[in-house]
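*Asks:* Got a predicted structure here, sequence first:
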Amino acid sequence: MIDDIPEAVRKTAPTPTKSSLPMPILATVVGLGVVVVGLLIFLFYPKASRETAQTETEVASGIQSTSNTEIIQSPPTETVAEPEPIDNVLGHLPYQQAKASDLAPITADGSIRLKKSAAKEFREMQSAARQQGIILTAISGFRDEATQEYLFFEVKKNRRQDTSTRAEVSAPPGYSEHHTGYAVDIGDGKVPGTNLNTNFEKTAAFRWLEQNAARYSFELSFPRNNPQGISYEPWHWRYVGDRHSLETFYKARNLK
């Protein structure tokens, strides 16, 4: 009982236990703990975040760099314009009619004419062939549209040919190479029976032309299996010895 404890003893303050800490010390410990935790968060979490951000930036930069490299290395796409197809009639291409003032005769009577440049070369070719015993006969040269109209429509009617069949051997008016003054039909003066038929290829004149015509800038217009689908004409030759003649026959070759 409390009355049994001496008064001196009752007034003595209890001795604190080892586990008990004064409040100021406890507060200091807790404060230090908070500081340590905060320091750890500051040191480690921001670092991880920075590393992550840096990695993401490097990845993004790599993608951009790759994209830029591809753009630089990849050649630009070029659109190649295809030649415009031109109108034709049954495989025959349109040609302008030469002016009379641009023509020169290639026969003694002046009835057969070619463009002046072509006429000059034809006469030289004819002379060279004659020196080797070959007679190159001019059968037809420049033809105007009126003449071509007769040859196409009237002959077609007389021979009872359908239009497609006639077009295989004769051009419609406005579509003949003869309009240009650069085309000439050639025969063998020693074998006139082969004129304007495929047997001309068996003559000495044709063999000479095969070997020598290019020297005078003449070429066969309608060889076998020509892209225009025109019948083989070993007698039909055209001049391509200057810029205008070359452009006339080669500037537009795509058929529609």
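*Replies:* Noted; the coordinates are in hand.
*Asks:* CA atoms for contacts and neighbours, from now on please.
*Replies:* Noted.
*Asks:* For Lys251, see how far away Asp242 is.
*Replies:* Using Cα to Cα, to the nearest Å, Asp242 is found at 13 Å from Lys251.
*Asks:* right, I mislabeled it, should have said Asn195
*Replies:* Going from Asn195 to Lys251 by Cα to Cα gives 31 Å.
*Asks:* And those two? Which one has more around it.
*Replies:* For Asn195 versus Lys251, the count of surrounding residues by other Cα atoms under 10 Å is larger for Asn195: 18 against 11.
*Asks:* per-residue confidence at that one?
*Replies:* pLDDT, Asn195: 97.
*Asks:* now swap in Leu255 and tell me
*Replies:* pLDDT recorded at Leu255 is 55.
*Asks:* Same check on Val89?
*Replies:* Looking at Val89, its pLDDT stands at 75.
*Asks:* hey, what's it bridged with?
*Replies:* His92 (DSSP bridges).
*Asks:* Pull out the buried residues from whatever helix or strand Lys120 lives in.
*Replies:* Element membership for Lys120, per DSSP states H and E: helix 116-130. Across helix 116-130, burial judged by 16 or more other Cα atoms under 10 Å covers Lys116, Ser117, Ala118, Ala119, Glu121, Phe122, Arg123, Met125, Gln126, Ala129.
*Asks:* which residues in the stretch 51-200 of the chain form strands?
*Replies:* 103-105, 113-115, 136-140, 183-188 (DSSP state E, counting those that start in this stretch).
*Asks:* So for the helix or strand just after the last one, what gets flagged as buried?
*Replies:* Using DSSP H and E, the next helix or strand after strand 183-188 towards the C-terminus is helix 204-212. Under the neighbour-count criterion of 16+ other Cα under 10 Å, helix 204-212 has Ala204, Ala205, Phe206, Leu209, Asn212 buried.
*Asks:* One more: stretch 178-193?
*Replies:* Within stretch 178-193, the residues scored as buried using 16+ other Cα under 10 Å are His178, His179, Thr180, Gly181, Tyr182, Ala183, Val184, Asp185, Ile186, Gly187, Asp188.
*Asks:* Identify the residues contacting it?
*Replies:* Applying Cα atoms under 8 Å, 6 or more residues apart in numbering, the contact partners of stretch 178-193 are 95-98, 103, 113-115, 118, 134-145, 177, 194-196, 200, 203-206, 235-240, 245.
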